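J.: Just need the structure, nothing else, for what follows:
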Amino acid sequence: MRFATKWTTCRVHAIRDVAPAIREFVLRPEATSVENYAIGGHVNVGVLIDGRPETRSYSLVGDVSADGYRIAVRRAPDSRGGSRYMWSLQGGARIEVSSPASLLEIDWTRKSYCLIAGGIGITPIIGIAGALMRRNADVTLHYAVKSREDAAFLDELSKLLGDRLIVHASDEAKRIELDKTFARLPADALAIICGPMRLLEAARRNWTAAGRVPADLRYETFGSSGLLPTESFRVRIDHCAREIIVPENKSMLDALNEAGFEVMSDCQRGECGVCAIDVVAVEGQVDHRDVFFSEHQKQGNGKICPCVSRAVGAITVNTLYQRDAG
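T.: Coordinates of the predicted model:
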C-alpha cells in the first residue's frame, strides 16, 4: 500500500555502459515533457520480477534535460531482480516511470560542502556537485570505489571538479579516512553522502565523534546494502500467529503485503520511515538497512523498516492491519 504516485509511460531513449557493472539509461516520456525536479531526486520505475510487476527506485543523474530522465543501474548479483530486468531492456522499450521526488534536503546557502559517494551512490551526487560549482561554493567530492575502472562517470566528474575530486580506490590502498576528512572541514560545512550502509554508518559515527551538528550530515542510501548476508528469513505476525517466509529475492514489505498484511509505505528506500512496524521478538539478528532510525533505536530493535531491512533467522512483528477476507 503506497501513497498515490503519478506515473507516465517512457521509452528507453539511450543506453550506455559507464562502468563494467553500471549501465546508464535515458528514459524519455512518450506523451509529456520531462518534469522539473530537485537536484538529488529520484524516480521509481516499473519492473517485472519473475513475471510480477514491482517497482524500483533510482536516483536521477545530473541536471534536468529534455532528452529524458537519466538514471544508472548497477548490475547486482545479490539484488532482488530489479537490476537484472533493467539490464535486459533494449532501446525503444517502454517502461512506467513515476514523477520525480526527493527526500534529500540540501541547504544551498552554506559556503563549504563535503560530498561523499560510495560506488553507485555517485548518481545523485553528480547533479549536486554541478549545482555547487555553478554557485562557486567551496566543494570537495570524495569518491570511494574498488578501482578506478569501477568508477562510473569518472571523466565527467574530473572535467567538472578538477582537483576538487578525490578518488579513494581500494586497489590503490586509498581508503577514505572519515575522521581526518571531517576534522578538516570548516565549522559550518555541510556533508552530503550517498552509498552503502557500511559507509553511511561509519560517516554517522565519525560525524558524531567530531562533535558536529547531526543535521549537517545529509545522506541517501540504497536498500540492497546490508551488514548481514541477504538470505530468506521467517516473519511471525504477533496478533494472528501466522508465519510467512521472506525469500532472498523479495523485500519484507512485499512479502507482508502479498500475504494480506498491508503496510503503508512511501519511499521504499529506508529513508522516510512511513513503513516502520513494531518488532515484538527476535530469534536471530535484525539487519537494519534504513537511515531513518538512529543507531540507538536500531540497537533497541523496537521497530523495523520492512521496505529495506531484513533479518537472519526469525522475527515477530505487529503490523496492526490485516485485509478483510474475501
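
J.: Could you name the helices and strands sitting against the lengthiest strand in the chain?
T.: Longest strand in the chain, counting residues (DSSP state E): strand 7-19. Here strand 7-19 is seen to pack against strand 22-29, strand 94-98 when contacts are counted using 3 or more Cβ pairs under 8 Å, 6 or more residues apart in numbering; DSSP states H and E. Glycine gets a C-beta too; all of them are placed from N, C-alpha and C.

J.: Next secondary structure after the last one?
T.: What it means is strand 94-98. Sequence order places strand 112-118 as the next helix or strand after strand 94-98, per DSSP states H and E.

J.: okay, that next one in PDB with CA atoms only?
T.: The C-alpha coordinates for strand 112-118 follow below in PDB (Å, rounded to 0.1, in the frame of the first residue of the first chain):
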ATOM      1  CA  SER A 112      31.600  24.900   2.300                       C
ATOM      2  CA  TYR A 113      30.400  21.400   1.200                       C
ATOM      3  CA  CYS A 114      31.900  17.900   1.600                       C
ATOM      4  CA  LEU A 115      30.400  15.300  -0.900                       C
ATOM      5  CA  ILE A 116      31.000  11.600  -0.300                       C
ATOM      6  CA  ALA A 117      29.900   8.900  -2.700                       C
ATOM      7  CA  GLY A 118      30.400   5.200  -2.500                       C
END
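
J.: Tell me which residues are up against that strand.
T.: Taking contacts as Cβ atoms under 8 Å, 6 or more residues apart in numbering, the residues outside strand 112-118 that touch it are 125, 128-129, 132, 137-145, 176, 178, 181-182, 185-186, 188-196, 199, 203.

J.: highest average neighbour count across the helices and strands packed on strand 7-19?
T.: When the helices and strands packed on strand 7-19 are scored by mean count of other Cβ atoms under 10 Å, the highest mean neighbour count falls to strand 22-29 (a mean of 20).

J.: The helix or strand hosting residue 206: how far from the chain's middle?
T.: Per DSSP H and E, residue 206 falls inside helix 197-209. A distance of 16 Å separates the centroid of the chain from that of helix 197-209, by Cα atoms, centre = their mean, to the nearest Å.

J.: could you give the angle of that helix to strand 112-118?
T.: Direction vectors for helix 197-209 and strand 112-118, defined by axes from the mean of the first three to the mean of the last three Cα atoms, to 10 degrees, enclose an angle of 150 degrees.

J.: What is the subsequent helix or strand relative to helix 197-209?
T.: Per DSSP H and E, the first helix or strand lying C-terminal to helix 197-209 is strand 217-221.

J.: and the direction of that next one versus that of strand 112-118, what angle?
T.: Counting by the same axes, to 10 degrees, strand 217-221 lies at 20 degrees to strand 112-118.

J.: Show residues contacting stretch 273-287.
T.: The contact list for stretch 273-287 (Cβ under 8 Å, 6+ apart) reads 3, 226-228, 233, 236, 238, 253, 263-268, 290, 292-293, 298, 301-307, 309-320.

J.: In ChimeraX, how would I select the buried members of the residues you listed?
T.: The ChimeraX selection below is limited to those of the contacts of stretch 273-287 classed as buried (16 or more other Cβ atoms under 10 Å):
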select :226,233,236,253,263,265,266,267,268,290,292,293,298,301,303,304,305,306,307,309,310,311,312,315,316,317,319
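
J.: Show only the entries of the contacts of stretch 273-287 found in strands.
T.: Among the contacts of stretch 273-287, DSSP E puts 233, 236, 303-304, 310-318 in strands.

J.: out of these, what pair is the most spread apart?
T.: Put simply, by Cβ to Cβ the two of the ones in strands among the contacts of stretch 273-287 set farthest apart are 312 and 318, 20.4 Å from each other.

J.: helices or strands next to the lowest-mean-pLDDT helix or strand in the chain in the packing?
T.: Across the helices and strands of the chain, the lowest-confidence element by mean pLDDT, DSSP states H and E is strand 217-221, at a mean of 83. Contacts of strand 217-221 with other secondary structure elements, assessed using 3+ Cβ pairs under 8 Å, 6+ apart, are made with strand 190-195, helix 197-209.
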